[in-house]
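S.K.: okay, sequence plus prediction incoming.
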Amino acid sequence: MKFEHLISAFLAEPWAIQREKLGVLADVLVARAEGEKLFSSEFAAAVDEARALEIAQTDGKVAIIPVYGVLAQKMDMFSAMSGGSSYAGIKKALYSALSNEDVKAVVLDVDSPGGTVPGTEELATEIRKLRGGEKPIIAQVNSLAASAAYWVASAADEIVVTPSGRAGSIGVYTAHDDVSAALEQRGIKRTYISSTPEKVEGNETGPLSKETLAYIKAGVDRSYNKFLFAVAEGRGVALSKVQDGYGRGRVFYSEELLDRGMVDRVATLEETLERFGAETQPAYVRRVKANNQARVESASLLAAKMAAGEPITKREFENGLKGLVGFSNSEAERAARLYLKNDQGAPDDETDAAALAALDRLLAEAKTPLIKR
């Protein structure tokens, strides 16, 4: 295997990132080192231009700052190639948004597996210093905020997760590769000559000593403790709750995130933007959604009153049927007259009897009890 030293140096960085993603990044790094032209310079320039446009994006009164891909202290060719974001760029965009008089709120649009530890603490600390003002800073998990990304999100005024979103992976790790056997197969015996043994400790040409392992582990623990304290401060909870209740490195979906107190609410990005005054949908789309929501609420009201045996008005029954079984206005009106026996006696023809039987079956299929007459 070539480039053992390159991979060893890459993995030896302290990472607050999902383990699977780091493996993919290492593979990409090897491919680049071996001369594979995965992306052209024109593509990299296009990525940078698109990133600049994304950072400058506003939607009505809300500024949207993308926190996408692998996070690193500064943007470089590798992070651009992997679709990453830089902490420096995020901070610059945040300053710009908060300084804009037209902006009333800032949304961090987070979709990231995490990244390097250096720079994470500083950005999270800066966000905590800026929150609580007239312009709220909202971290929208859309759809992943893992490790360093959750570290940053926890510093915001509020964390919102999409219904299918995930977050967590609170932890820090590094790695050491012993490539001595691979070097030996290629006839290479590397010797480091240093001023002190500590200067080259943990190098890739041999196993880790207990002392070196303890030293590296202490560094990982230091970063992990800072991670824990930052999340506890950001979320306003006890350190023990973060240690024991926030997953110990696991990632959770929206429902459990809400149950554990790791987020404040479940909503889509569009719903968050609209909550702060942005119009994200055409008028027709808003109207259709409002009508459908009204149908759902009417169906829920009908089902609840039927289950409780409470009196139901003709209008409630009609609207409930339109939402519950999809009746049209005329169908719901006729069913209400028949079923509630308004202004008529008992049905005396086969058509009315068949309609009532069909309605009974529909209500039974909806698993709701019949109305008490």
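M.R.: In hand now; what should we look at?

S.K.: which stretches in the stretch 101-250 of the chain count as helices?
M.R.: 120-130, 148-153, 180-185, 210-235, 239-245 (DSSP state H, counting those that start in this stretch).

S.K.: could you dump those helices into TSV and include mean pLDDT?
M.R.: Shown next, in TSV, are those (pLDDT from 0 to 100):
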stretch	mean pLDDT
helix 120-130	97
helix 148-153	97
helix 180-185	83
helix 210-235	94
helix 239-245	95
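
S.K.: pick the most buried one from those.
M.R.: helix 148-153 (a mean of 31; mean count of other Cβ atoms under 10 Å). Bear in mind the C-beta positions are built from the backbone N, C-alpha and C, glycine included.

S.K.: mind giving me the packing neighbours of it?
M.R.: The elements that helix 148-153 packs onto, with contact taken as 3 or more Cβ pairs under 8 Å, 6 or more residues apart in numbering; DSSP states H and E, are strand 15-17, strand 62-72, strand 105-116, helix 120-130, strand 137-146, strand 166-168, helix 210-235.

S.K.: send me it as PDB with only the CA atoms.
M.R.: Only the C-alpha atoms of helix 148-153 are listed here, as PDB (Å, rounded to 0.1, in the frame of the first residue of the first chain):
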ATOM      1  CA  ALA A 148     -18.800  18.600  15.400                       C
ATOM      2  CA  ALA A 149     -22.000  19.700  13.500                       C
ATOM      3  CA  TYR A 150     -24.100  19.100  16.700                       C
ATOM      4  CA  TRP A 151     -21.400  20.800  18.800                       C
ATOM      5  CA  VAL A 152     -21.900  23.900  16.600                       C
ATOM      6  CA  ALA A 153     -25.700  23.500  16.500                       C
END
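
S.K.: what does it contact?
M.R.: 16-17, 67, 71, 90, 108, 110, 112-117, 120-121, 123-124, 127, 139, 141, 145, 159, 167-170, 227, 230-231, 262 (Cβ atoms under 8 Å, 6 or more residues apart in numbering).

S.K.: for PyMOL, write the select line for the buried members of these.
M.R.: Buried residues among the contacts of helix 148-153 (16 or more other Cβ atoms under 10 Å), as a PyMOL selection:
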select buried, resi 16+17+67+71+90+108+110+112+113+114+115+116+117+120+121+123+124+127+139+141+145+159+167+168+169+170+227+230+231+262
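
S.K.: quick one on the thing from earlier: in TSV, list the helices and strands packed on helix 148-153 along with distance to residue 322.
M.R.: Listed next are the helices and strands packed on helix 148-153 as TSV, based on distance: least, Cβ to Cβ, whole Å:
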stretch	distance to residue 322
strand 15-17	50
strand 62-72	35
strand 105-116	36
helix 120-130	46
strand 137-146	33
strand 166-168	36
helix 210-235	43
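
S.K.: so for residue 290, which of the ones you listed sits nearest?
M.R.: Distance to residue 290, taken as Cβ to Cβ, is lowest for strand 62-72 among the helices and strands packed on helix 148-153, at 20.9 Å.

S.K.: send the alpha carbons of the closest one over as PDB?
M.R.: Taking C-alpha atoms only, strand 62-72 is exported to PDB below (Å, rounded to 0.1, in the frame of the first residue of the first chain):
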ATOM      1  CA  VAL A  62     -34.400  35.300   7.200                       C
ATOM      2  CA  ALA A  63     -30.700  34.700   6.300                       C
ATOM      3  CA  ILE A  64     -29.800  31.100   5.600                       C
ATOM      4  CA  ILE A  65     -26.200  30.000   6.200                       C
ATOM      5  CA  PRO A  66     -25.300  26.500   4.900                       C
ATOM      6  CA  VAL A  67     -23.300  24.200   7.200                       C
ATOM      7  CA  TYR A  68     -22.800  21.400   4.800                       C
ATOM      8  CA  GLY A  69     -20.500  18.400   4.500                       C
ATOM      9  CA  VAL A  70     -17.200  17.900   6.300                       C
ATOM     10  CA  LEU A  71     -16.400  20.900   8.600                       C
ATOM     11  CA  ALA A  72     -12.900  22.200   8.900                       C
END
